[in-house]
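Peer 1: Sequence and computational prediction follow.
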Amino acid sequence: MRATRIAGSLAAAALLLSACTAKDHTPPYVKDGTADLDLSVTGQPVPKTLALVEKALVRIQRHDADGLAKLSYDNEHAKETADAWVTKWGDAAQKPMVANFLVSPKKYVDVTIRFKGVKGSLSLTLQEDTDDWTYGIVTREGFYDD
């Protein structure tokens, strides 16, 4: 009887340990919410630029100005820009969207976001950081909607 209890305890401990060390295989696009975007893409995005735009749109959809500000390239005016975009485009981002990527030869990517049934568009400029080869959204004054 005692041997059975010990074996059962060991099995339970092993199961608990394996559950704690199990690797999470959830795809990143499910974790960050981008799997649910109703987004069509035109132009020539690269995986890094498309991922950044998707993350930005999810944050706009969720009215998450703080999370959106964290995607800024240089943090200059990031909070003000994020607040303005969430206020202006948050409801529109609940609808189907089209992102048109225009790549310039200068480490910039201009993206125009159009929302179904909404006049106007959101213009984003993405800039590459050559130190770590990542992209961020330019939020400096003059690069965003009022």
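Peer 2: Good, I have the coordinates. Quantities reported herein were computed from a predicted structural model and do not represent experimental measurements. Numbering: from 1, shown residues only.

Peer 1: For stretch 91-104, buried residues please.
Peer 2: Neighbour counts over stretch 91-104 (16 or more other C-beta atoms under 10 Å) mark Ala92, Ala93, Met97, Ala99, Phe101, Val103 as buried. Just so you know, the C-beta spots here come from the backbone N, C-alpha and C atoms, and that holds for glycine as well.

Peer 1: and what of stretch 65-82?
Peer 2: Buried residues in stretch 65-82 (16+ other C-beta under 10 Å): Ala65, Gly67, Leu68, Ala69, Lys70, Leu71, Ser72, Tyr73, His77, Ala78, Thr81, Ala82.

Peer 1: how near is the second one to Ser40?
Peer 2: Gly67 sits 23 Å away from Ser40, taking C-beta to C-beta, to the nearest Å as the criterion.

Peer 1: what's the closest non-adjacent residue to Val111?
Peer 2: Using C-beta to C-beta, 6 or more residues apart in numbering and skipping the chain neighbours, the partner closest in space to Val111 is Leu124 (4.5 Å).

Peer 1: Indicate each strand paired with the helix or strand that contains that neighbour and its parallel or antiparallel sense.
Peer 2: In the assignment (DSSP states H and E), Leu124 maps to strand 121-129. Looking at strand 121-129 with DSSP bridges, its partner strands are strand 108-115 (antiparallel), strand 134-137 (antiparallel).

Peer 1: Now do it, average pLDDT.
Peer 2: Strand 121-129 shows a mean pLDDT of 90.

Peer 1: cool, stretch 48-59 as well?
Peer 2: Mean pLDDT, computed over stretch 48-59, is 94.

Peer 1: Check which residues of that stretch are buried.
Peer 2: Within stretch 48-59, the residues scored as buried using 16+ other C-beta under 10 Å are Thr49, Leu50, Ala51, Leu52, Val53, Glu54, Lys55, Ala56, Leu57, Val58, Arg59.

Peer 1: Any idea which residue is closest to the centre of this structure?
Peer 2: The chain has Lys55 as the residue nearest its centroid, 1.2 Å off, counting by C-alpha atoms, centre = their mean.
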